[in-house]
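Engineer: Kindly return the folded structure for what I paste below:
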Amino acid sequence: MNFNSVVFLFCFMPLALGLYYLVPGRVKNAVLLVESLLFFCWGGITWLPLAVGMVAINYAAGLLLASLPAGGKRKIVLIAAIVLTAAALVYCKYTNFLLDTLNVIASTGFAKLSFLDVLPLGISYYTFKLISYTADVYTGKVKAERSPVVFAVYVLMYPQLIVGPIVKYRDMADVLHQTQGRCTLQKAQDGAEMFVFGLAKKVILADSIAALWQDIIGMGGIGLANASLPLAWLGIIAYSLQLYFDFAGYSEMSNGLSLMMGFECPANFNLPYISGSITEFWRRWHISLSGWFRDYIYIPLGGNRCSAGRQMLNMLAVWALTGIWHGANWNFICWGLYYFVLLVIEKNFLMKYLKKGKVWPHIYTLFLVVLGWGLFTCNAPGAPLGLLLSRLFIPQGGVSALYFLRNYAVLLVVCCVCSTQLPGRFWQWCKGKAPLRAALCGVCFVLCTAYVVAATGSTALYANF
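Structural biologist: Numbers count the residues shown, from 1 in each chain. Predicted coordinates for the structure are as follows:
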């Protein structure tokens, strides 16, 4: 069930929120857990035992860590819980990739496991939630959760199941244990506004600009091989905008839903396309994932508190894992290593020049980020890497970009403007004008409804990664 589907918007969400608001504070967690399990099982119950098992393992590990004195036994419990949790993710997400790679390298004939073609809903996100919780209990940053219901709600709550963000337990623990005053009218209002504008980013901007890229590479499109150099760049720019508004929109919907339930979650995006360096871009893009890798991989490996060579190895590990996390394909691994190289260059040489520049650092960053999204999507049908790179960098004949510009110019301008600070500044200007804000939200929701009804409820791009 997608957030941008008719079933969710006009059936599941109003009923789930209504029931959540009506029940007493002491049973809100139980109700939210039942609703989350229903959401999780909407497409089938095949993977429910796996999710329950992963929750149970880490719940038990937290209690064990809380009861054991400092020493080797606590470390064994931590390692065992992390290995079992990560093993579930590896098995579901990477088994077929490993089998395919082995078949190519060793000429073996292992068959793919067809039941793994559809991943368990949200496994990439709740795996990282579980690992962060157990690691934080081990280091004493949080106390072990005693209530299995509260812990299961934290891991499986439906607003954060599809595309995150990856919220740490310590950021939600207080509200999870709050029985009075969790839900307020102000939180409901702010959350509803956030949800509506996130929905607009997804169904109005992302899904609309996606048509340009699909007109080039999709079935019935002109074909990337027939695209001219300007059209290839226009297409990959459109894909970059689609990916941003799709993921940022879903993240805002997630945070808006959470806020309506009383949970204030950190933003997952902060206008990444205005960045003046690749380093800054990754402080603004998928912030919860970057923070997770920093806190649970980079710093435990030594972070910056080690030799320059070891620091480079730490960065290599983080960015290789970042690439692998996004998908079971070599292009994602190469995409992660691509950013490793860029960040090493900035850290050791380029950053001092980027800080002095005004315009060119932003052009440099956008160029490399858009090129990176080409690498990111090159496993998609119709866009192989070699063909894409040749069309992006080798001038040759092909379909002109002018026809597509006539059809998509206004949408491209709107998307570019919405990638800047202007919409946020306008919304701040409207802050003291409640009727205007309500009218804008109402119009926006009506437009979104029209787009949702006309479309088929496309899922989030990042749900595939």
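Engineer: Counting neighbours, which bits of the lengthiest helix in the chain end up buried?
Structural biologist: Longest helix in the chain by number of residues, with DSSP state H as the criterion: helix 72-106. Buried residues in helix 72-106, counting neighbours by 16 or more other Cβ atoms under 10 Å, are found at 74, 77-78, 81-82, 85, 88-90, 92-94, 96-97, 99. To be clear about C-beta, it is placed using only N, CA and C from the backbone, and glycine gets the same treatment.
Engineer: of all those, which comes closest to residue 15?
Structural biologist: residue 92 (30.2 Å; Cβ to Cβ).
Engineer: shouldn't residue 361 be in contact with residue 352?
Structural biologist: No - counting by Cβ atoms under 8 Å, residue 352 is not a contact partner of residue 361; they are 11.4 Å apart.
Engineer: Counting neighbours, go ahead and name the busier of the two.
Structural biologist: The neighbour count for residue 361 versus residue 352, taken as other Cβ atoms under 10 Å, is higher for residue 361 (20 against 8).
Engineer: Tell me the first helix or strand C-terminal of the host helix or strand of that one.
Structural biologist: Assessed by DSSP states H and E, residue 361 sits inside helix 360-377. Beyond helix 360-377 in the direction of the C-terminus, DSSP H and E gives the next helix or strand as helix 385-393.
Engineer: Next one, pLDDT for residue 140 please.
Structural biologist: On the pLDDT scale, residue 140 is placed at 92.
Engineer: Please read the previous query as pertaining to residue 458.
Structural biologist: Confidence at residue 458, expressed as pLDDT, is 65.
Engineer: Just confirm residue 297 contacts residue 317, I think it does.
Structural biologist: Yes - the pair formed by residue 297 and residue 317 meets the contact definition of Cβ under 8 Å, at 6.5 Å.
Engineer: what are the ranges of the helices in the stretch 51-200 of the chain?
Structural biologist: All helices of the stretch 51-200 of the chain, identified by DSSP state H, counting those that start in this stretch, fall at 72-106, 123-139, 148-156, 173-176, 185-200.
Engineer: can you tell which of these is closest to residue 163?
Structural biologist: Closest to residue 163 of the helices of the stretch 51-200 of the chain is helix 123-139 (Cβ to Cβ; 7.2 Å).
Engineer: Okay, buried residues for that closest one please.
Structural biologist: Neighbour-count burial for helix 123-139 [16+ other Cβ under 10 Å]: 123-138.
Engineer: Tell me what angle that helix forms with helix 148-156.
Structural biologist: Here helix 123-139 runs at an angle of 130 degrees relative to helix 148-156 (axes from the mean of the first three to the mean of the last three Cα atoms, to 10 degrees).
Engineer: could you give the angle of helix 123-139 to helix 72-106?
Structural biologist: Here helix 123-139 runs at an angle of 150 degrees relative to helix 72-106 (the same axes, to 10 degrees).
Engineer: Does anything pack onto helix 123-139? Which helices or strands?
Structural biologist: With contacts taken as 3 or more Cβ pairs under 8 Å, 6 or more residues apart in numbering; DSSP states H and E, helix 123-139 sits against helix 48-67, helix 72-106, helix 148-156, helix 287-293.
Engineer: please redo it, this time with the cut-off set to 6 Å
Structural biologist: Packing partners of helix 123-139 (3 or more Cβ pairs under 6 Å, 6 or more residues apart in numbering; DSSP states H and E): helix 48-67, helix 72-106.
Engineer: In CSV, list the ones you listed along with mean pLDDT.
Structural biologist: Below are the helices and strands packed on helix 123-139 laid out as CSV (pLDDT from 0 to 100):
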stretch, mean pLDDT
helix 48-67, 95
helix 72-106, 92
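Engineer: looking at those, which is closest to residue 344?
Structural biologist: Minimum separation from residue 344 across the helices and strands packed on helix 123-139 (Cβ to Cβ) falls at helix 72-106, 26.1 Å.
Engineer: on that earlier part again, mind checking the helices and strands packed on helix 123-139 for the one nearest to residue 40?
Structural biologist: helix 48-67 (6.6 Å).
Engineer: what distance separates the longest helix of the chain from the middle of the whole chain?
Structural biologist: Put simply, helix 72-106 sits 21 Å off its chain's centre (Cα atoms, centre = their mean, to the nearest Å).
Engineer: And stretch 163-176, by the same measure?
Structural biologist: Mean-position distance between stretch 163-176 and its chain equals 15 Å (Cα atoms, centre = their mean).
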